[in-house]
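> only the shape, not the letters, is given here:
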């Protein structure tokens, strides 16, 4: 079974630039998550989708971060404009609907460096 | 904001020894307490989890001990192996959408 796919794997940008990350969840997984993992810290949930709808975006910095999940499958996370403190690994995860955390599988992440 | 505090930050254990990682949580609203293992360049993977009405759970070489009154739980890795070298995160699950709140992580190195 294919896992969660993410691209790009690495990205280096300058502050104030824009960047977008892409995630393709495991087939059949209705729930999709984006996490931010700063070096030396645990992952922090940014946004959780159930199919197309957002169920939790309480920790998403909405002035600069946005995410969408078209057709309930792939998702993109965008940062515009980026700040130095956005340097982190951005992890995408997916799970089956109704059986969330136990069936949550993570992708390899996109490592972002903002200079 | 609900938090999970984890210690130590890093740990070096001899092969065959016992690795112990500790976590503490701040309130009683959590429903499950999982542990995750993360290798470099990979996302975290669920290792083992416990419910708050259980004091201990064992799966192979991995054991969770849970102390509800102290709001603490720990991961014990018996007969630690070099392949166990990874970063371990404790976590807590809460809410209707089962939000996972992660600890800060422990980098474990098992030396031969």
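In hand now; what should we look at? On a predicted model such as this, the values are computed, not experimentally measured, just so you know.

> can you show me the strands along the chain?
With no chain named, the answer covers chain A. Under the criterion DSSP state E, chain A contains strands at A:5-7, A:10-13, A:19-24, A:31-37, A:44-50, A:53-56, A:65-68, A:75-79, A:88-95, A:105-106, A:110-114.

> wait, chain B
B:4-7, B:10-14, B:19-25, B:33-38, B:45-50, B:56-59, B:62-67, B:72-77, B:86-94, B:99-102, B:106-111.

> between those, which gets nearest to chain A?
Closest to chain A of these, according to C-beta to the nearest C-beta: strand B:99-102, at 3.0 Å. From N, CA and C alone the C-beta is placed, and that goes for glycine too.

> which strands border the lowest-mean-pLDDT helix or strand in chain B, and is each parallel or antiparallel?
Between all helices and strands in chain B, the lowest mean by mean pLDDT, DSSP states H and E belongs to strand B:99-102, at a mean of 92. Strand pairing for strand B:99-102, using DSSP bridges, gives strand B:86-94 (antiparallel).

> what does the average pLDDT come to for the strand it pairs with?
Mean per-residue pLDDT for strand B:86-94: 95.

> quick one: contacts of that strand?
Residues outside strand B:86-94 that contact it (C-beta atoms under 8 Å, 6 or more residues apart in numbering or on different chains) are A:42-43, A:101, B:2, B:4, B:6, B:21, B:23, B:25, B:29-39, B:44, B:47, B:73, B:75, B:99-108.

> of the residues you listed, buried ones?
Buried subset of the contacts of strand B:86-94 (neighbour count, 16 or more other C-beta atoms under 10 Å in any protein chain shown): A:42-43, A:101, B:4, B:6, B:21, B:23, B:25, B:30, B:32-38, B:44, B:47, B:73, B:75, B:99-106, B:108.

> could the strands of chain A be laid out in CSV, adding mean pLDDT and distance to chain B?
Listed next are the strands of chain A as CSV, based on pLDDT from 0 to 100; distance: least, C-beta to the nearest C-beta, whole Å:
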stretch, mean pLDDT, distance to chain B
strand A:5-7, 97, 9
strand A:10-13, 98, 10
strand A:19-24, 97, 11
strand A:31-37, 96, 8
strand A:44-50, 94, 6
strand A:53-56, 92, 5
strand A:65-68, 97, 16
strand A:75-79, 98, 15
strand A:88-95, 96, 5
strand A:105-106, 95, 3
strand A:110-114, 98, 9
